[in-house]
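In: fold the following for me, if possible:
(chains A and B)
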Amino acid sequence: MSELVRLDNVSKVYQGGITGALNNMSVSVEKGEFTAIMGPSGSGKSTMLNLVAGLDRPSSGTVAVGGTNLGNLGESALARFRRDHIGFVFQFFYLLPNLTALENVLIPAQLKGNDANVRGRELMEQLGIPDVADRYPARLSGGQQQRVALARALINNPTLLLADEPTGALDTKTGDQVMELLGQLHRDGQTILLVTHDAKLATRHAARVISVMDGKIVDDARLESPERAPSEVIRVRGEEASR
Amino acid sequence: MSLKYGVLGLLKGEPLHGYEVKNRFEAMLGGTWEVNIGQIYTTLQRLERDGLVRPVGRRGDRGKQSYELSPEGHKALDQWLAEADSGPQQLHEDIYVKLLLATRIANGGLQQMLARQKRAYLQRLRDLNRLEERARRDGRIDLARLVRGALLHTEADLKWMDELSSERFGAEGGAAE
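Out: Numbers count the residues shown, from 1 in each chain, chains lettered A, B, ... in the order given. Next up is the predicted model:
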């Protein structure tokens, strides 16, 4: 495996408050990893994701993705970097309401000058929403909207998929399905950074869980995945057969 | 939890002999509660003594005796099922006492203890998730449901760790009385 993301001594200071600030954070992520970032609101986990995506710039320190130091890129180069290398899904989907589902999916490809109609339809098929291509977002369920957003994030074959609370606006069952899709993408080799509150979901798919608090990494757990017998995982306690 | 009512519940469907009871009990609980055949026989004997089950048919091969629920057994089972579990909350694990002690003992290393425990719970969640996945894949729905309960329980424990961690009461003192 090789390193894909690297943060070196990254701080981010926001004027007028410390919410979401980062404090001298260093971490690296390998290609092919599925990493979950957990922490309370305002701990800085979304800020981490935004810096890695090149949506925001650090106050100090360096952020590198695929060996490119994002600090060396001007605004238009940074926009190209985002378009070509980063897929991003958010809690609230952010689909454009006056475009159909398929047109939404194709936006990043069009920005690149590519006709990705076929790939767009394939992706929608793969994500289980082949029949909503011509519908407008307002006529889609939350789960369908998030799948459309996921197809849009994947259309340019991003090096890195970032997901910020992608199940936060979905019911449990739909959220599980979206997470299952992320798990499948990871098994197919996609590198994923996931921000979530939900430790159950995080540990189901991510073998690495980074805990963030007050802008610092307080734990970086690499979890094991052995096949354990049920009795090694759960023990139901019974009364002795007395009485 | 009681083996007695587990056995009554399994006999509600059809008469079973000791080994069948043991196998079905373990299948239902997916190996998370291992009982030995001796415990099953002792339980069946006590249930018979108390009039809640009765032998049915003759002893078969190797002296196997099947049992069925008596009317009293049906009643006792229905009553138990209808009763809410309302006793005190059971906290079995050492961590509860460990954490309280860590807050009292100067230099108790509370934050490190919380961090270690949190990591152990994350690993447990991972193991539970994988077990649930396997149980569902194998169609073992009882086990999958049980694992789901354990997952949610561990999630709550993890949230408690986070609360304690942000309280930082170990550092602020006021813990020792």
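In: all helices of chain B, in order?
Out: In chain B, the helices defined using DSSP state H lie at B:3-13, B:18-29, B:37-49, B:71-82, B:95-104, B:110-137, B:141-167, B:169-172.
In: okay if I get those as TSV plus mean pLDDT?
Out: Listed next are the helices of chain B as TSV, based on pLDDT from 0 to 100:
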stretch	mean pLDDT
helix B:3-13	94
helix B:18-29	92
helix B:37-49	94
helix B:71-82	96
helix B:95-104	84
helix B:110-137	93
helix B:141-167	91
helix B:169-172	48
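In: adding mean neighbour count and distance to chain A, write those out as JSON lines.
Out: Yep, even glycine has a C-beta here, placed from its N, CA and C like the rest. Below are the helices of chain B laid out as JSON lines (neighbours: other CB atoms under 10 Å in any protein chain shown; distance: least, CB to the nearest CB, whole Å):
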{"stretch": "helix B:3-13", "mean neighbour count": "20", "distance to chain A": "5"}
{"stretch": "helix B:18-29", "mean neighbour count": "18", "distance to chain A": "6"}
{"stretch": "helix B:37-49", "mean neighbour count": "17", "distance to chain A": "4"}
{"stretch": "helix B:71-82", "mean neighbour count": "14", "distance to chain A": "13"}
{"stretch": "helix B:95-104", "mean neighbour count": "15", "distance to chain A": "15"}
{"stretch": "helix B:110-137", "mean neighbour count": "19", "distance to chain A": "4"}
{"stretch": "helix B:141-167", "mean neighbour count": "17", "distance to chain A": "5"}
{"stretch": "helix B:169-172", "mean neighbour count": "13", "distance to chain A": "14"}
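In: turn the ones you listed into TSV, including distance to A:E232.
Out: As requested, these are exported to TSV (distance: least, CB to CB, whole Å):
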stretch	distance to A:E232
helix B:3-13	21
helix B:18-29	14
helix B:37-49	21
helix B:71-82	30
helix B:95-104	18
helix B:110-137	8
helix B:141-167	13
helix B:169-172	32
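In: find the nearest non-adjacent residue to A:G71, please.
Out: A:T62 (5.6 Å; CB to CB, 6 or more residues apart in numbering or on different chains).
In: next, count neighbours for that neighbour.
Out: Using other CB atoms under 10 Å in any protein chain shown, A:T62 has 15 neighbouring residues.
In: which SS class is it?
Out: Here A:T62 is strand, with the state taken from DSSP: H, G, I helix; E, B strand; the rest coil.
In: got the contact list for it?
Out: Shown in contact with A:T62 (CB atoms under 8 Å, 6 or more residues apart in numbering or on different chains): A:6-10, A:69-71.
In: distance of it relative to chain B?
Out: A:T62 is 27 Å from chain B, where distance means CB to the nearest CB, to the nearest Å.
In: where do the helices of chain A begin and end?
Out: Using DSSP H, helices in chain A cover A:45-52, A:75-85, A:101-111, A:117-126, A:142-154, A:172-187, A:199-205, A:230-233.
In: reformat those as JSON lines; add mean pLDDT.
Out: As requested, the helices of chain A are exported to JSON lines (pLDDT from 0 to 100):
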{"stretch": "helix A:45-52", "mean pLDDT": "94"}
{"stretch": "helix A:75-85", "mean pLDDT": "94"}
{"stretch": "helix A:101-111", "mean pLDDT": "93"}
{"stretch": "helix A:117-126", "mean pLDDT": "92"}
{"stretch": "helix A:142-154", "mean pLDDT": "94"}
{"stretch": "helix A:172-187", "mean pLDDT": "91"}
{"stretch": "helix A:199-205", "mean pLDDT": "94"}
{"stretch": "helix A:230-233", "mean pLDDT": "90"}
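In: among those, which is nearest B:R49?
Out: Proximity to B:R49 (CB to CB) singles out helix A:230-233 among the helices of chain A, at 30.7 Å.
In: roughly how far out does that closest one sit from the chain middle?
Out: 31 Å (CA atoms, centre = their mean, to the nearest Å).
In: what comes into contact with it?
Out: By CB under 8 Å, 6+ apart, helix A:230-233 touches B:30-32, B:34, B:124, B:127-128, B:131, B:135, B:143, B:147, B:150.
In: for the spatially most central residue of chain A, what are its contacts?
Out: Note on chain A: the residue nearest the mean C-alpha position is A:A163, at 2.0 Å, using CA atoms, centre = their mean. Counting by CB under 8 Å, 6+ apart, A:A163 makes contact with A:88-89, A:182, A:192-195.
In: what does A:R57 give?
Out: By CB under 8 Å, 6+ apart, the neighbours of A:R57 are A:51, A:70-71.
In: against B:V147, how distant is it?
Out: From A:R57 across to B:V147, the span is 44 Å (CB to CB, to the nearest Å).
In: make a markdown table from the helices of chain A and add mean neighbour count and distance to A:Y14 to it.
Out: Listed next are the helices of chain A as a markdown table, based on neighbours: other CB atoms under 10 Å in any protein chain shown; distance: least, CB to CB, whole Å:
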| stretch | mean neighbour count | distance to A:Y14 |
| --- | --- | --- |
| helix A:45-52 | 24 | 8 |
| helix A:75-85 | 15 | 20 |
| helix A:101-111 | 21 | 28 |
| helix A:117-126 | 17 | 36 |
| helix A:142-154 | 24 | 26 |
| helix A:172-187 | 17 | 29 |
| helix A:199-205 | 24 | 26 |
| helix A:230-233 | 18 | 42 |
